[in-house]
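Need the 3D shape of this:
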Amino acid sequence: MKTRQISVLVSNRAGRLASVARVLRDEGINIRALSMADAPDFGIFRLIVREVDRAVEALKAQGFVVDVTDVVGVEVEDRPGGLATILETLAGRSVNVEYMYAFLTERQGRALIFFRFDDADGALAVLNGADVPVVSGDRLWSLADSGREDAQ
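As a prediction, the model looks like this:
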């Protein structure tokens with residue numbers, strides 16, 4: 001199962017990330033996971049939100065350059081070697097990982113990592129064949145919401 005990710009191109013200057021966050025706040029859209037990659041003149045702010053289409057529309061209305069891509073959420077054992085095991089499985093089948101970033105949940109002993117692959121369908125076949133727990137959209141949001149009541 002793939003998850004839709006928003007990528008926002010932002011100029012590398014003070015206040016631009018705050019502008020993206022402000023647009024989403026004003027729309028009532030909660031950011032569940034994020035990653036920031038930078039270059040000398042710009043950055044790519046990658047976001048996982050539940051309301052992708054609404055977020056894209058709001059960001060574009062404010063002049064941001066936005067793209068939507070697919071990533072794969074994988075549940076990983078939170079122990080030394082948990083990530084290595086998954087990466088070795090992928091490497092053994094020549095699956096290229098373009099980038100990845102982690103998402104913290106309250107689920108004991110588990111971590112969630114979002115992977116961007118050059119061939120998401122091929123990667124999913126490898127992961128499913130190796131019984132690696134790929135997280136579907138509904139499960140992603142239940143993991144994201146676990147423990148929220150305790151935090152409020």
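
give me the beta-bridge partners of residue 117?
Counting by DSSP bridges, residue 117 forms beta bridges with residue 97.

mind listing what residue 93 touches?
residue 126 (Cβ atoms under 8 Å, 6 or more residues apart in numbering). C-beta: built from backbone N, CA, C; applies to glycine.

Please tell me how far it sits from residue 124.
Separation of residue 93 from residue 124 (Cβ to Cβ, to the nearest Å) stands at 12 Å.

go on, residue 130?
From residue 130 to residue 124 the distance is 11 Å (Cβ to Cβ).

quick one: which of those two has more around it?
More crowded of residue 130 and residue 124, by other Cβ atoms under 10 Å: residue 124, with 19 against 14.

Which neighbours do residue 130 and residue 124 have in common?
Counting by Cβ under 8 Å, 6+ apart, nothing touches both residue 130 and residue 124.

Can you get me a residue count around residue 72?
The burial count for residue 72: 22, using other Cβ under 10 Å.

so it sits in a strand?
Yes: counting by DSSP: H, G, I helix; E, B strand; the rest coil, residue 72 is located in a strand.

contacting residues around the nearest residue to residue 133 once chain neighbours are set aside?
Leaving out its chain neighbours, the residue that sits closest to residue 133 by Cβ to Cβ, 6 or more residues apart in numbering is residue 75, at 4.1 Å. By Cβ under 8 Å, 6+ apart, residue 75 lies in contact with 110, 111, 112, 133, 134, 135, 143.

Model confidence for residue 53, exactly?
Note on residue 53: pLDDT of 96.

List the contacts of residue 25.
Neighbours of residue 25 in contact, by Cβ under 8 Å, 6+ apart: none.

Also residue 136?
residue 1.
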